[in-house]
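Colleague: Coordinates for the following, if possible.
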Amino acid sequence: IIDRKKEEMANTVACVRFGCKTRFPKGGPYPACCYHKAPPVFHETAKFWSCCPNKKAYDWEDFQLIKGCMTGRCTDVKDNDEEKQFLGGCDLRDALHGESEPLKSIDDFNKAQADGSDAAPVLQRLRGVMKEIGVENELFDQVLDGIRNEAGGSGGCGGDSTEEDELAAATSELGKKLKAAMKKIAVDQLRIK
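Modeller: Numbering: from 1, shown residues only. Next up, the predicted model:
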């Protein structure tokens, strides 16, 4: 029985399409194929095909039972050798939010903390959050630059304030302006009722 299995494996090839487990003779005939057009995703305990995100499974057997979304003929030739064979959480985040910043080494992170202001990471996080809720980065940068100029920031063209002082002052002023805007919205909401 083992020799027969080895011989069968030696004389057949597996379909390379995502989700198809069919084996067929080398060179054909090529049987009908039901497959997925995109690779699987393994994220936390969920398993699903990236082309069928609404069909999730949490154990391997159920995952393997998810029917393909495409039909065609089996093949032993890959369309794209560079395509990932599976995706994970990082791939999902990149797809949702665009390419993420490359991870810094611990030394680079510590150097940035020592060289920069404590206010800079707060402003970077706020910039990211504002973009997530629909405020373009360009608008955020324009407002922040205006606040820095109002606060007396010279942007490196003379003056006694340091970059760190300017960032701290701009962060404080931006916080005050955001708080005032939120209070105005709250007052307007009370007037409507």
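Colleague: Centre of the chain to the helix or strand harbouring residue 176, how far?
Modeller: Assessed by DSSP states H and E, residue 176 sits inside helix 163-192. Centroid separation for helix 163-192 versus its chain: 30 Å, with Cα atoms, centre = their mean, to the nearest Å.
Colleague: Counting by contacts, list what it packs against.
Modeller: The contact analysis (3 or more Cβ pairs under 8 Å, 6 or more residues apart in numbering; DSSP states H and E) places helix 163-192 against helix 119-132, helix 137-150. C-beta here means a position set from N, CA and C on the backbone, and glycine is covered the same way.
Colleague: can I get these in TSV with mean pLDDT and mean neighbour count?
Modeller: Listed next are those as TSV, based on pLDDT from 0 to 100; neighbours: other Cβ atoms under 10 Å:
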stretch	mean pLDDT	mean neighbour count
helix 119-132	80	14
helix 137-150	86	14
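Colleague: could I get these as TSV with distance to residue 4?
Modeller: As requested, the helices and strands packed on helix 163-192 are exported to TSV (distance: least, Cβ to Cβ, whole Å):
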stretch	distance to residue 4
helix 119-132	58
helix 137-150	63
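Colleague: wait, which of these is closest to residue 49?
Modeller: Shortest distance between residue 49 and the helices and strands packed on helix 163-192, using Cβ to Cβ, is found for helix 119-132: 26.9 Å.
Colleague: between the closest one and helix 163-192, how big is the angle?
Modeller: In terms of direction (axes from the mean of the first three to the mean of the last three Cα atoms, to 10 degrees), helix 119-132 departs from helix 163-192 by 40 degrees.
Colleague: what's the spacing between helix 119-132 and its chain's center?
Modeller: With Cα atoms, centre = their mean as the basis, the mean position of helix 119-132 lies at 17 Å from the chain mean.
Colleague: now what about it, what contacts it?
Modeller: Helix 119-132 has contacts (Cβ atoms under 8 Å, 6 or more residues apart in numbering) with 97, 113, 137, 140-141, 144, 164, 167-168, 170-171, 174.
Colleague: With only the CA atoms kept, save that helix in PDB.
Modeller: This file holds the C-alpha atoms of helix 119-132, laid out as PDB (Å, rounded to 0.1, in the frame of the first residue of the first chain):
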ATOM      1  CA  ALA A 119       5.600  66.200  22.100                       C
ATOM      2  CA  ALA A 120       6.500  64.800  18.700                       C
ATOM      3  CA  PRO A 121       5.200  61.300  19.300                       C
ATOM      4  CA  VAL A 122       1.900  62.700  20.600                       C
ATOM      5  CA  LEU A 123       1.500  64.800  17.500                       C
ATOM      6  CA  GLN A 124       2.400  61.900  15.200                       C
ATOM      7  CA  ARG A 125      -0.200  59.700  16.900                       C
ATOM      8  CA  LEU A 126      -2.800  62.500  16.700                       C
ATOM      9  CA  ARG A 127      -2.000  63.000  13.000                       C
ATOM     10  CA  GLY A 128      -2.600  59.300  12.400                       C
ATOM     11  CA  VAL A 129      -5.900  59.300  14.400                       C
ATOM     12  CA  MET A 130      -7.100  62.400  12.600                       C
ATOM     13  CA  LYS A 131      -6.400  60.800   9.200                       C
ATOM     14  CA  GLU A 132      -8.400  57.700  10.300                       C
END
